[in-house]
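[1] Have a look at this prediction, sequence included:
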Amino acid sequence: MTTAAQVLQGLFSAEGLEDPYRYYTELRRHGPVSLIGGSGPYAAVVTGYDAVNQVLRDPRVRVTDDAFTDSHGGAAWREHPLLAALNNSMMYSNGERHVRARRLFQQVFTPRRVQELEPAMVAQISALIDGLEARLAAEGEVDFMAEFAYLLPSSVVAALLGIPAEDLVWFRPRVQRINEFLDVTGKTAEVLRRADEATVELSNYYRRLIAVRRAEPADDLISRLVAEDSDVSDEELVCNLLVLFNASFVTTIHLLGNGLSLLLAHPELRSCPVEPFVEEVLRYESPVQFVARYAEDVIEVAGTTIPPKEVVLVMLGAANRDPESFSDADRFEPARFLPDPKTHTAERRAAVGVARGAGGDADRGRAASPPIPTGARPLSFGAGPHFCLGAALARAEAQLAFPLLMERLPGLRAARAPVRYPQQFLRGYESMPVEVCDAP
Ligand code: HEM
């Protein structure tokens, strides 16, 4: 049997980028937790569903924070604006600092706020479909990733934060430069330099916007944040806004791309109710494949002792394909997440003026309550204290987008094979050329 370290090497190769799942299956043969050993960057890889869930919820397990970074590479990270911003943000903080930022953002970024945004999201989706239609008519083929998936999440998060839509052309490439650095395989000095530059520019932008909103509040998240806690410093807001925008933008793109790719490859999926369809896309092709953690002390998970103060890769994408938790885990099967009829309601569908299943079936609506009644939930948004703050927003975007896309463009099909996104940490596509055929 190949060692876990060898399997991990394969996972981080071109073959692993194309099909990580066969490497996850191989890793699982070593057990739900595999020790890597040697002098590599990772001490262990967690692939089992229960083990991933346990690690993410264990209070002794921490995100890689400033203390960790200090002990692993010295204090030089403080000279890099990107690394300083990340380490000060909720995503890379533990304990008090995390709780404080998380609480502040949770107070203003509520499910109700997501619901209020739905009409704006429908308008944004419709406008992007108008653009797709026009480009398809003029050019015959468009790149769905560039012309829709890349544009929608940033437009939505901009509307949430109160960033004017016209600033997004400037915003998006800078956010992408930060993202390039976050990939495990992308950390060259030049990539970091560009990401630092982008961080400084985006931070200055946020500082100006915060000053404007402190003086003149509007109906947006930044205004609510400063109203909720008048003592909150600009620096605390800026690093968390940077992370929030980045976390929302780079991930939801792939939920949209992965979902469309499945709808194009399997037209029969268009008759699925949209909530279980989106849930199954999240499980089957998790946009975030893994997160990193370290244990403060020695911990035992699924009978394996994990050494302290070393990076542990927590594989969400593998947990979501664990056959112990999902029957026939490598099969795309939205029916496993069919909503409980007792909680199914058409209220929100009526509120936003859209009906539908993944393919626009007018008889099927979105559920107002979480769509998963029983059984294992996908871990695509993480678990425990760092559970994704924007899960409801991401689900809403996808649940609104797919039915509208299929309804307005019923003849949409793949024009050529899509190109895989070249990052292991995010699973999705770089480009997806589509066209319309006359007869759907
Ligand atoms: C399909 C889309 C998305 C996926 C797959 C996703 C996934 C995740 C995951 C796995 C985490 C946990 C990270 C960890 O445990 O280390 C996370 C955290 C986070 N996400 Fe998302 N996310 C998505 C969309 C969004 C959106 C739309 C927003 C905001 C509008 C957002 C904001 C955040 C923030 C702020 C955190 C950090 C929370 C904390 O550290 O307490 N995400 N996300």
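    Yep, that arrived. Small disclaimer: the values here were computed from a predicted structure and weren't measured.

[2] From here on, just use CA atoms for contacts and neighbour counts.
    Will do.

[3] Buried residues of stretch 227-242, list them for me.
    Of the residues in stretch 227-242, 234, 237-242 count as buried by neighbour count, 16 or more other CA atoms under 10 Å.

[4] Using CSV, please lay out these together with distance to the ligand, pLDDT and secondary structure.
    Putting the buried residues of stretch 227-242 into CSV (distance: CA to the nearest ligand atom, whole Å; pLDDT from 0 to 100; DSSP: H, G, I helix; E, B strand; the rest coil) gives the following:
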residue, distance to the ligand, pLDDT, secondary structure
234, 17, 95, helix
237, 12, 96, helix
238, 12, 97, helix
239, 10, 97, helix
240, 7, 97, helix
241, 8, 97, helix
242, 9, 96, helix
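
[5] For the residues you listed, name the two members farthest from one another.
    Greatest spatial distance in the buried residues of stretch 227-242: 234 and 242, 12.0 Å, computed using CA to CA.

[6] Could you verify my assumption that residue 28 touches residue 48?
    Yes: at 7.0 Å, residue 28 counts as touching residue 48 under the criterion of CA atoms under 8 Å.

[7] ok, which residues in the stretch 151-300 of the chain are in contact with the ligand?
    With CA under 6 Å from any ligand atom as the criterion, the stretch 151-300 of the chain meets the ligand at residues 157, 244, 247-248, 251-252, 255, 287-288, 291.

[8] try 8 Å this time
    Residues of the stretch 151-300 of the chain found near the ligand (CA under 8 Å from any ligand atom) are 153, 157, 160, 240, 243-256, 282, 286-293.

[9] picking up where we left off before, out of residue 28 and residue 48, which sits in the more crowded spot?
    residue 48 (29 against 20; other CA atoms under 10 Å).

[10] who touches that one in this structure?
    The contact partners of residue 48, taken as CA atoms under 8 Å, 6 or more residues apart in numbering, are 28, 31-33, 318-319, 322.

[11] Could you do residue 106 as well?
    The contact partners of residue 106, by CA under 8 Å, 6+ apart, come to residue 389.

[12] go again using 10 Å as the cut-off
    When contacts are counted by CA atoms under 10 Å, 6 or more residues apart in numbering, residue 106 is found next to 100, 225, 389-390.

[13] Then residue 201?
    Contacts of residue 201 (CA under 10 Å, 6+ apart): 171, 174, 195.

[14] Next: residue 330.
    Counted by CA under 10 Å, 6+ apart, residue 330 has contacts 21, 284, 320-323.

[15] Same question for residue 293.
    Residue 293 touches 42, 44, 55-56, 61-65, 68, 92, 309-314, counting by CA under 10 Å, 6+ apart.

[16] before we move on, what about residue 294?
    Applying CA under 10 Å, 6+ apart, the residues near residue 294 are 42-44, 55, 60-65, 68, 306-314.

[17] Pick the one among the contacts of residue 106 closest to the ligand.
    Nearest to the ligand out of those is residue 390 (CA to the nearest ligand atom; 3.4 Å).

[18] Residue 110 is in contact with the closest one, correct?
    Yes: assessed by CA atoms under 10 Å, residue 390 is found in contact with residue 110 at 9.4 Å.

[19] Where does pLDDT dip in this protein?
    Residue ranges of the chain with pLDDT under 70: 184-186, 339-357, 359-374, 439-440.

[20] What segments of it are strands?
    33-35, 42-46, 61-62, 142-143, 290-295, 299-301, 304-306, 311-315, 412-414, 419-420, 429-431, 433-436 (DSSP state E).

[21] sorry, back to before: if I look at residue 28 and residue 48, which residues touch both of them?
    With CA under 10 Å, 6+ apart as the test, residue 28 and residue 48 both reach 34, 318-319, 322.

[22] So which of these is the closest to residue 377?
    The closest of the shared contacts of residue 28 and residue 48, once distances to residue 377 are taken by CA to CA, is residue 319, at 10.3 Å.

[23] so what's the closest one closest to, chain neighbours aside?
    residue 49 (4.0 Å; CA to CA, 6 or more residues apart in numbering).

[24] dump the residue contacts of the one you found.
    32, 314-326, 376-379.

[25] What about the ligand: which of those residues touch it?
    Within those, those near the ligand by CA under 8 Å from any ligand atom are 316, 379.

[26] From the contacts of residue 49, list just the buried residues.
    Applying 16+ other CA under 10 Å to these flags 32, 314-322, 325-326, 377-379 as buried.

[27] any idea which residue sits dead centre in this protein?
    residue 251 (3.1 Å; CA atoms, centre = their mean).

[28] Would you agree it is in contact with residue 428?
    Yes: with contacts counted by CA under 10 Å, residue 251 reaches residue 428, the gap being 9.0 Å.

[29] Common neighbours of those two, please.
    Overlap of the contact sets of residue 251 and residue 428 (by CA under 10 Å, 6+ apart) consists of 286-288.

[30] Where neighbours are concerned, which of those has the most?
    Going by other CA under 10 Å, residue 286 tops the shared contacts of residue 251 and residue 428 with 29 neighbours.

[31] ok, now which ones touch that residue?
    251, 254-255, 258, 279-280, 316-321, 378-381, 425-428.

[32] tell me the phi and psi of it?
    The phi and psi values for residue 286, taken as degrees, to the nearest 10, are phi -60, psi 120.

[33] State the distance from it to residue 279.
    10 Å (CA to CA, to the nearest Å).

[34] Name the residues contacting each of these two.
    What both residue 286 and residue 279 touch, as defined by CA under 10 Å, 6+ apart, is the set 255, 378, 380.

[35] Can you tell me, leaving aside adjacent residues, what's nearest to the second one?
    Pointing back at residue 378 there. residue 283 (5.1 Å).
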